[in-house]
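**Student:** mind looking at a prediction? Sequence and model below.
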There are 4 protein chains.
Amino acid sequence: MSPRRRDAEGTAAARAERRAELLGTAAEVFASQGYAATTIRQVADAAGILGGSLYYHFDSKESMADEILSTFLDDMWAAYDRVLDAGLGARETLEAIVVESFRSIDRHRPAVVIYQNESKHLSASERFHYLNDSHRRFEEMWIALLERGVAEGAFRADLDRTLVYRFVRDTVWVAANWYQRGGRLSAEDIAKQYLAMVLEGIQAT
Amino acid sequence: MSPRRRDAEGTAAARAERRAELLGTAAEVFASQGYAATTIRQVADAAGILGGSLYYHFDSKESMADEILSTFLDDMWAAYDRVLDAGLGARETLEAIVVESFRSIDRHRPAVVIYQNESKHLSASERFHYLNDSHRRFEEMWIALLERGVAEGAFRADLDRTLVYRFVRDTVWVAANWYQRGGRLSAEDIAKQYLAMVLEGIQAT
Amino acid sequence: MSPRRRDAEGTAAARAERRAELLGTAAEVFASQGYAATTIRQVADAAGILGGSLYYHFDSKESMADEILSTFLDDMWAAYDRVLDAGLGARETLEAIVVESFRSIDRHRPAVVIYQNESKHLSASERFHYLNDSHRRFEEMWIALLERGVAEGAFRADLDRTLVYRFVRDTVWVAANWYQRGGRLSAEDIAKQYLAMVLEGIQAT
Amino acid sequence: MSPRRRDAEGTAAARAERRAELLGTAAEVFASQGYAATTIRQVADAAGILGGSLYYHFDSKESMADEILSTFLDDMWAAYDRVLDAGLGARETLEAIVVESFRSIDRHRPAVVIYQNESKHLSASERFHYLNDSHRRFEEMWIALLERGVAEGAFRADLDRTLVYRFVRDTVWVAANWYQRGGRLSAEDIAKQYLAMVLEGIQAT
DNA sequence: TATGAATGAGCATTCATTCAT
DNA sequence: CATGAATGAATGCTCATTCAT
């Protein structure tokens, strides 16, 4: 590797790192104040630079949200796909999906919060149509999984399919609102307990 | 009753009715677009009047949100209090609380959506401190109920208390995002199925 | 006519009048400072209101320029069309067109200045494509007129057609840069002298 | 000449050459987009460097315009002065001035365009007062020339002096907007035809 | 009650300019 | 010589709010 090459990679990497750093800051502010209610100056303040300086790195406020959300979704779907391709039974698949979901929350908590709170509004714009696509794929995956589970005798057949889907979906993602990395319970701990509640219920047996 | 008196009451009642009508419209727009992303003009458009005219009825955008949320919370707590005062066992209390929650969603769907999406941000301002109070009371109620249930042998003892609380709380309220009055399932139907899921789990037995 | 009708017309007329008043102010500022170099606040200052208030009347800075230019062009082409439809000889037509051009300058001086200075840049945007259309029609009209004049024996045949077109076109419109209503010479006076120069030249005979 | 001296001259010359190159690029961009509407980045892009790098060569955007315009004006006045010092008759002087004007357009087309479009605005600033001086000198030269021509019996006496001045002045410079080096007609060809039109008129005799 | 014109603070974004490397 | 990250003032525009009618 020539020094020139190393230099070029060095600055490209530094640039990418700075972007990621700023996006992390932006994601946190968007998540805690809401995307619409957050001003670009608040993001810049949190990053320790001036408002205008953000535009050296990003085209617009929207493009920040775009990059935050698509990074999260790409990562999440990669994890989901690994699970779905593993050829597990319905129940094991559900467990693995829930675990991966909590791991996603662990890795991308602010992005998940933004996804939940803002995707309905953002997806109206062309640029965020992939949110709808992801949402549709998500629903199809869950419905198929739940039906397979009923067919395999793993899940109850007496519940409304759509209701169960929504129940599981919301139950998992909403946790992003209170989850804190490094808290009392790890993402895996929480996943285990959530699975116990979702699969077995909370009543004593 | 003098005609004068009747007139006064008539106009006072008419005024209150108009307020309620406008608040209903505002709540729907706030719920569907988000409070911060909604302009006062959009609310006025939806109501068929001009932006400035809303200020005859309300002091500010904030006061609309205030009235929407406090009306909902008052109504919900009245229902909760009736349940809590009925002297039921833990399990029956939980069932009744969940049913009342879905009835609240049925009666105040837009308000519930606003409550979920915006209360975290709104409660920072003095005027909305009652949101924090309500939240705290809510948590205390649920924790106490769950502990009583464990003590009574109705609920499992092997689950993290706080996790169960959050699980049940979120699970119920998030449904406001998709619930539609007059849909396939009534609020009571949904409550029954949610209770089945929460209490017994979704796995086949 | 009902009072209601009169009222509606009254306010509609008042609104149109205010728009025209503001557009006149904007046109003058755009003409004297240049469109790009003029801030919306400068226009507002000249109108005695605040920057934001202009947006009650107009969608954008661009839409002001649009309305200024299209009003001028519509008026000018109406006058041109009256001349072209009158069935005059080439020389008389040229004289009438030049006279109408100076009258247009008299009525729309700032708009003409904006047209000259900014149309090249503005016409890049879709919204201002009609500037290109007008330009093309203008060129066709002049070329046809000059050729007819040569055929009729009214104009010299030894000059480059395109050069003559540009000469006459520029010669007339550029006068908007210094013309002042109520100055020593009226628009018609100037037209007469310009025609003398263009037709007969400035050298002594 | 020591090697050291030659180096210094070499780099100084190289620097001057780079400046001139960059100024040529800047002039073209300013001319085609308008000075105010052109960003320093667009100039830099056109030059193949980054925005900040221009500041190694120039103090400011303004100083680029300054150098572009003053270079053009110095060159033009040098040519004019040669003509004026030649002791020609009024008519021959006018012809020579017009020819030199078109030669200036040929050599400095973008600068001429900038001069026409922006000098009115630029000359407000102290730094560009020489634009006013040039303008005044220009006017005096033309008025004197035209009066001499009338006195010598070369030019018509029945036309408004100021009008003729403006007519000739604008007519010549405006051509910079469409002139293209290497086009069908050379600068001298165009000058000849313009002189024919200005002196003899366009009507058949 | 409602209108419509205006306010004025604030927002996302742009851009000339600086400067350490 | 050039880069690239940052500055900070300014810009077009939005929007909650006011108020005379």
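**Tutor:** Sure, I can see it. Numbering: from 1, shown residues only, chains lettered A, B, ... in the order given.

**Student:** what residues does chain A put near DNA strand E?
**Tutor:** Neighbours of DNA strand E within chain A, by CB under 7 Å from any atom of the strand: A:38-41, A:51-52, A:55, A:59-62. C-beta: built from backbone N, CA, C; applies to glycine.

**Student:** the helices in chain A, which residues?
**Tutor:** Remark: helices assigned in chain A by DSSP state H are A:3-33, A:40-47, A:54-57, A:61-84, A:90-122, A:129-151, A:161-173, A:187-200.

**Student:** show me what counts as buried in the fourth one.
**Tutor:** Judged by neighbour count using 16 or more other CB atoms under 10 Å in any protein chain shown, the buried positions of helix A:61-84 are A:61, A:64-69, A:72-73, A:76-77, A:79-80, A:83-84.

**Student:** is chain B within reach of that helix?
**Tutor:** No. Helix A:61-84 is not in contact with chain B by CB under 8 Å from any CB of the partner chain; minimum separation 12.8 Å.

**Student:** just the pLDDT for A:M1.
**Tutor:** Per-residue pLDDT puts A:M1 at 39.

**Student:** quick one: which of the helices of chain A is nearest B:R169?
**Tutor:** helix A:161-173 (10.8 Å; CB to CB).

**Student:** by contact count, what packs against the closest one?
**Tutor:** In this structure, helix A:161-173 packs against helix A:90-122, helix A:129-151, helix A:187-200, helix B:161-174, helix B:187-200, with contacts taken as 3 or more CB pairs under 8 Å, 6 or more residues apart in numbering or on different chains; DSSP states H and E.

**Student:** now mean pLDDT and distance to B:F30 too, for these, in TSV please.
**Tutor:** Converted to TSV, the helices and strands packed on helix A:161-173 look like this (pLDDT from 0 to 100; distance: least, CB to CB, whole Å):
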stretch	mean pLDDT	distance to B:F30
helix A:90-122	97	12
helix A:129-151	97	21
helix A:187-200	96	31
helix B:161-174	93	16
helix B:187-200	96	21
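
**Student:** which of those sits closest to DNA strand F?
**Tutor:** Closest to DNA strand F of these is helix A:90-122 (CB to the nearest atom of the strand; 12.4 Å).

**Student:** tilt between that closest one and helix A:129-151?
**Tutor:** If you take axes from the mean of the first three to the mean of the last three CA atoms, to 10 degrees, helix A:90-122 sits at 150 degrees to helix A:129-151.

**Student:** A:A47 reaches A:T25, doesn't it?
**Tutor:** Yes. With contact defined as CB atoms under 8 Å, A:A47 counts as touching A:T25 (4.6 Å).

**Student:** any idea how far the closest residue to chain B within chain A is from B:F155?
**Tutor:** Nearest residue of chain A to chain B (CB to the nearest CB) works out as A:G201 at 3.5 Å. Separation of A:G201 from B:F155 (CB to CB, to the nearest Å): 9 Å.

**Student:** show me chain A divided up by domain.
**Tutor:** A:1-58, A:60-205 (automatic domain parsing).

**Student:** got these as a markdown table, with distance to D:A90 columns?
**Tutor:** Shown next, in a markdown table, are those (distance: least, CB to CB, whole Å):
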| stretch | distance to D:A90 |
| --- | --- |
| domain A:1-58 | 58 |
| domain A:60-205 | 62 |
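
**Student:** point out the most buried one among these.
**Tutor:** domain A:60-205 (a mean of 18; mean count of other CB atoms under 10 Å in any protein chain shown).

**Student:** what's the span of that one from first residue to last?
**Tutor:** 55 Å (CA to CA, to the nearest Å).

**Student:** quick one on the thing from earlier: among the domains of chain A, which is nearest D:E140?
**Tutor:** The closest approach between D:E140 and any of the domains of chain A, judged by CB to CB, belongs to domain A:1-58 at 47.6 Å.

**Student:** briefly note if that closest one comes near chain B.
**Tutor:** Yes. Domain A:1-58 comes into contact with chain B (CB under 8 Å from any CB), by way of A:33-34, A:36-37.

**Student:** pick out the most distant pair among the residues you listed.
**Tutor:** A:Q33 and A:A36 (9.1 Å).

**Student:** still on that earlier bit, so for A:T11, which of the helices and strands packed on helix A:161-173 sits nearest?
**Tutor:** helix A:90-122 (26.6 Å).

**Student:** wait, does that closest one make contact with chain B?
**Tutor:** Yes. Between helix A:90-122 and chain B, judged by CB under 8 Å from any CB, the touching residues are A:91, A:117-118, A:121.

**Student:** which part of chain A gets nearest to chain D, residue-wise?
**Tutor:** A:Y56 (10.8 Å).

**Student:** once you drop chain neighbours, what's closest to the spatially most central residue of chain A?
**Tutor:** Centroid-nearest residue in chain A, with CA atoms, centre = their mean: A:V112, separated by 4.0 Å. The shortest distance from A:V112 to any non-neighbouring residue, by CB to CB, 6 or more residues apart in numbering or on different chains, is to A:A176 (3.9 Å).

**Student:** list the contacts of the one you found.
**Tutor:** Applying CB atoms under 8 Å, 6 or more residues apart in numbering or on different chains to A:A176 gives the contacts A:105, A:109, A:112-113, A:116.

**Student:** relative to A:V113, how far out is it?
**Tutor:** In terms of CB to CB, A:A176 sits 5 Å off from A:V113.

**Student:** next one, pLDDT for A:R5 please.
**Tutor:** So A:R5 comes in at 43 (pLDDT).

**Student:** next: the one 4 residues further on.
**Tutor:** The pLDDT attached to A:E9 in the predicted structure is 54.

**Student:** what sits against the residue lying closest to A:Q116 once chain neighbours are set aside?
**Tutor:** Sequence neighbours aside, A:W173 is the residue nearest to A:Q116 in space, at 5.7 Å (criterion: CB to CB, 6+ apart). By CB under 8 Å, 6+ apart, the contact set of A:W173 is A:101, A:105, A:112, A:115-116.

**Student:** 10 Å instead?
**Tutor:** Contacts of A:W173 were listed using CB atoms under 10 Å, 6 or more residues apart in numbering or on different chains, and they are A:101-102, A:104-105, A:112-113, A:115-116, A:138, B:170, B:174.

**Student:** same deal with A:G182?
**Tutor:** A:G182 neighbours (CB under 10 Å, 6+ apart): A:D106.

**Student:** kindly report the same for the one 5 residues further on.
**Tutor:** Taking CB under 10 Å, 6+ apart as the criterion, A:A187 is in contact with A:99-107, A:109, A:175, A:179, A:181.

**Student:** again, but for A:G34
**Tutor:** With contact taken as CB under 10 Å, 6+ apart, A:G34 is in contact with A:113-114, A:117-118, B:34-37, B:117-118, B:120-121.

**Student:** where does it fall, phi/psi-wise?
**Tutor:** Main-chain torsions, A:G34, degrees, to the nearest 10: phi 90, psi 140.

**Student:** which neighbours do A:A47 and A:T25 have in common?
**Tutor:** Joint contacts of A:A47 and A:T25 (CB under 10 Å, 6+ apart) are A:L54.

**Student:** stretch A:121-139: how far from the chain's middle?
**Tutor:** Remark: stretch A:121-139 is offset 13 Å from the chain centroid, using CA atoms, centre = their mean, to the nearest Å.

**Student:** CA atoms of that stretch as CSV?
**Tutor:** Extracted C-alpha coordinates of stretch A:121-139, given in CSV (Å, rounded to 0.1, in the frame of the first residue of the first chain):
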residue,chain,number,x,y,z
HIS,A,121,-45.0,11.0,9.0
LEU,A,122,-41.7,10.6,7.2
SER,A,123,-42.9,7.8,4.9
ALA,A,124,-45.2,10.2,3.2
SER,A,125,-42.2,11.7,1.4
GLU,A,126,-40.8,9.8,-1.6
ARG,A,127,-37.3,9.6,-0.1
PHE,A,128,-38.6,7.6,2.8
HIS,A,129,-40.7,5.1,0.9
TYR,A,130,-38.3,2.4,2.0
LEU,A,131,-39.9,2.7,5.4
ASN,A,132,-43.2,1.5,4.0
ASP,A,133,-41.4,-1.3,2.2
SER,A,134,-39.7,-2.4,5.4
HIS,A,135,-43.0,-2.1,7.3
ARG,A,136,-44.7,-4.4,4.7
ARG,A,137,-41.9,-6.9,4.8
PHE,A,138,-42.0,-6.9,8.5
GLU,A,139,-45.7,-7.6,8.6
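
**Student:** appreciated, that's everything.
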